[in-house]
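> Have a look at this fold, sequence not included:
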C-alpha cells in the first residue's frame, strides 16, 4: 500500500464526501492506495493545505483557484497545479443575516466582514461592493478561521464568505434567513473552488499515483449521484458532533446540482480560469504573467 495524504480545506463536510466515500468503499484500497485525511483542526488552521503541500507534509490538498495563483506569484514561487474541480459552477457566496438595511453588496460599505485572510479575498469582496455602486470601504476582521461562521450567526460580524451547500443549509435549518451575494451576479468571474491539487514535482514524479487517486476520487463522487442516502451516512461518521445535525441529504442534493454531468465531473475549463486571471489583472489585484496551463494540470482537462 502506498500512503497518500490529502489536506482538507476545512473540517470534514459535504464538499469532501466523494473522497470519504472512496476511502470507505475501499476504492483507493483496490488500487493499493492508503489515503490519510489531514484536517485543519489538528493545528487550528495555522497551516493551509497549500502550505502543507509546499512543506511536504501532504501530497494533495484542496483549495480555491486563487491559491494556485498566489503560490506562483509570491516572492518565492512554488508551483501547485489543479487536478480536479468538485464543482462546475461557484457554489459559494458572501452572506449576511437578512435585513432591510442590507439587500445589495453596496450596503456592506462600512459594515464588518469576517475574513479568512486569503491573499485576494478582501480585494475580491471590495470589488463586489464597488461593482454594485459602493465605495468598497468594508470593515475587515480576522477571527480564528474555524470559528468564522459562528461570528455571523452570533451577529458579532455582519458578513462573511460561505458555501451555500453547507453553512447555507445549516442556516436554513436554524431558521436563520441569509442574504446571499454571488460573485457572478456582480461582474466577478470567480473561478473553481474547491480544487484538488498537488505540487508540480509530485505530479511529475508520481504519474501512476496521480491517475489512480483522481480516478478513485471521481468514482467516489459519482457514487453519490445515485446513492445519496448511503453516501451521506458514510460522511456522517467523519463529521464533528455539531455538524451531524445538518441536513446532509439536502446538502448533497444541492451539491449534486453543481457537479455537472457525470461525463464531465471534475473537469476544469481553461477558458474559465483565463477569465479569472484577466479579471484579477484588470482589477489591479494581481500582476499576472501566467496562462491557465501554468495552473492546471493536463489531468484536469
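Nice, I can see it. This structure is a prediction, so every number in the text was calculated from the model and none was measured.
> What lies in contact with stretch 63-80?
9, 48-50, 53-54, 61, 81-82, 118-121, 124, 191-195, 197-201, 273, 276-277, 280, 286-288, 290, 294-296 (Cβ atoms under 8 Å, 6 or more residues apart in numbering). C-betas here are computed from N, CA, C, even on glycine.
> Distance of residue 229 relative to residue 11?
22 Å (Cβ to Cβ, to the nearest Å).
> for residue 20, same thing?
12 Å.
> quick one on the thing from earlier: higher neighbour count, residue 229 and residue 11?
Neighbours around residue 229 and residue 11, counted as other Cβ atoms under 10 Å, are more numerous at residue 11. The numbers are 16 against 10.
> Quick one: residues contacting the more buried one.
Per Cβ under 8 Å, 6+ apart, neighbours of residue 11: 39-41, 146, 239-240, 243.
> in the chain, which spans are strands?
Ranges of strands within the chain are 2-7, 33-38, 60-63, 80-85, 92-97, 112-114, 139-141, 159-163, 178-181, 195-199, based on DSSP state E.
> I'd like the ones you listed laid out as a markdown table, including distance to residue 220.
Output for these, formatted as a markdown table (distance: least, Cβ to Cβ, whole Å):
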| stretch | distance to residue 220 |
| --- | --- |
| strand 2-7 | 12 |
| strand 33-38 | 10 |
| strand 60-63 | 14 |
| strand 80-85 | 11 |
| strand 92-97 | 22 |
| strand 112-114 | 32 |
| strand 139-141 | 36 |
| strand 159-163 | 19 |
| strand 178-181 | 28 |
| strand 195-199 | 12 |
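> wait, which of those is closest to residue 27?
strand 33-38 (8.9 Å; Cβ to Cβ).
> Show me what that closest one pairs with in its sheet, parallel or antiparallel.
strand 2-7 (parallel) (DSSP bridges).
> Not counting the partner strand itself, show me its contacts.
19, 28, 32-38, 40, 49, 52-53, 57-62, 209, 213.
> List the buried residues for it?
The neighbour-count check on strand 2-7 (16 or more other Cβ atoms under 10 Å) flags 4-7 as buried.
> Taking these, tell me the two that lie furthest apart.
Checking the buried residues of strand 2-7 with Cβ to Cβ, the most distant pair is 4 and 7, at 11.2 Å.
> domains of the chain?
In terms of domains, the chain is parsed into 2-89+192-300, 92-186 (source: automatic domain parsing).
> Please produce TSV containing those domains, extended by mean pLDDT.
Below are the domains of the chain laid out as TSV (pLDDT from 0 to 100):
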stretch	mean pLDDT
domain 2-89+192-300	97
domain 92-186	97
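> just the buried members of the contacts of strand 2-7?
Members of the contacts of strand 2-7 classed as buried by 16+ other Cβ under 10 Å are 19, 28, 33, 35, 38, 40, 49, 52-53, 58-62, 209, 213.
> tell me the two of those residues that are most distant?
The widest separation within these (Cβ to Cβ) is 23.5 Å, between 40 and 209.
> Can you tell me the centre-most residue of this protein?
residue 194 (2.9 Å; Cα atoms, centre = their mean).
> how about the nearest residue to it, chain neighbours excluded?
Nearest-residue entry for residue 194: residue 62, 4.3 Å, with adjacent residues in sequence omitted and distances by Cβ to Cβ, 6 or more residues apart in numbering.
> of the buried residues of strand 2-7, closest to residue 265?
residue 6 (17.7 Å).
> If that closest one is in a bridge, with which residues?
According to DSSP bridges, beta-bridge pairing links residue 6 with residue 37, residue 60.
> ok, now how distant is it from residue 246?
Distance of residue 6 to residue 246, given as Cβ to Cβ: 22 Å.
> For residue 125, give its distance to residue 40.
To residue 40, residue 125 is 22 Å away according to Cβ to Cβ.
> Can you report how many residues neighbour residue 111?
Residue 111, neighbours per other Cβ under 10 Å, totals 16.
> list the contacts for it?
96, 102, 138-139, 158-159.
> need those residues in CSV with neighbour count, can you?
Shown next, in CSV, are those (neighbours: other Cβ atoms under 10 Å):
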residue, neighbour count
96, 24
102, 17
138, 22
139, 13
158, 23
159, 26
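> Selecting buried members of the contacts of residue 11 in PyMOL, what would you type?
Here is the PyMOL command that selects the buried residues among those (16+ other Cβ under 10 Å):
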select buried, resi 39+40+239+243
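> between the contacts of residue 11, which is closest to residue 173?
residue 243 (11.5 Å).
> just checking, that closest one touches residue 10?
No. Using Cβ atoms under 8 Å, residue 243 is not in contact with residue 10; the gap is 10.3 Å.
> who touches the nearest residue to residue 229 once chain neighbours are set aside in this structure?
Using Cβ to Cβ, 6+ apart and skipping residues adjacent in sequence, the residue nearest residue 229 is residue 249, 6.7 Å away. Residues near residue 249 by Cβ under 8 Å, 6+ apart: 228-229, 232.
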